[in-house]
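Q: let me see the structure of the following:
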Amino acid sequence: MASQPSPSELRRARFARRLPAALSELAGPEQGTVCLPLHLAWSGLTTFDLDQPRLRMSYYRIVLAEGLHDDLVRFLNRDHLVDLWPTLRTLVSRDVREVWESSFGELAHSAQAAA
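A: Numbering: from 1, shown residues only. I've put the predicted structure just below:
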């Protein structure tokens, strides 16, 4: 009898299906004000000034947790993600963190370099 996957394994599989093929696909905005659609920012703030570090961090946390593939590509910026990752990885769920770091060695490396 096969064992059922754990809730964590199911979440990780769901997050993994959403990933871009490469970080270079993340061509989101670098600066300015961005309004997230309600399917991403369904609870609270929907407009984020990316020039403000705290708002930028909140924006990235929301998109990583709630975004589908097209959202990730549209709203995340590769350079910002790599720069923010050492701190951002502590603000997202373990499942999100492990999926992104196992898929993109550059993120795992940036986290180790900052430690």
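
Q: how many neighbours does L88 have?
A: For L88, the neighbour count with other CB atoms under 10 Å is 22. In short, each C-beta sits where N, CA and C put it, glycine included.

Q: state the distance from the closest residue to F104 other than its chain neighbours to W100.
A: Counting by CB to CB, 6 or more residues apart in numbering, F104 lies nearest to L23, which is 5.5 Å off, once chain neighbours are set aside. Plainly put, L23 is 9 Å away from W100 if you go by CB to CB, to the nearest Å.

Q: can you check which residues contact both of those two?
A: L107 (CB atoms under 8 Å, 6 or more residues apart in numbering).

Q: ok, those two, which is more surrounded?
A: Ranked by neighbour count (other CB under 10 Å), L23 and W100 place W100 first, with 23 against 19.

Q: C-terminal to the host helix or strand of that one, what's the next element?
A: Per DSSP states H and E: W100 is located in helix 94-103. On the C-terminal side of helix 94-103, the closest following helix or strand by DSSP H and E is helix 105-114.

Q: need the CA coordinates for that following helix. CSV is fine.
A: Output of helix 105-114 as CSV, limited to C-alpha atoms (Å, rounded to 0.1, in the frame of the first residue of the first chain):
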residue,chain,number,x,y,z
GLY,A,105,21.4,27.3,-7.1
GLU,A,106,22.0,31.0,-7.4
LEU,A,107,19.5,31.6,-4.6
ALA,A,108,21.0,28.9,-2.3
HIS,A,109,24.4,30.4,-3.0
SER,A,110,23.3,33.9,-2.1
ALA,A,111,21.8,32.7,1.1
GLN,A,112,25.1,30.9,2.1
ALA,A,113,27.2,33.9,1.1
ALA,A,114,25.2,36.1,3.4
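
Q: what's the closest non-adjacent residue to L81?
A: L26 (6.1 Å).
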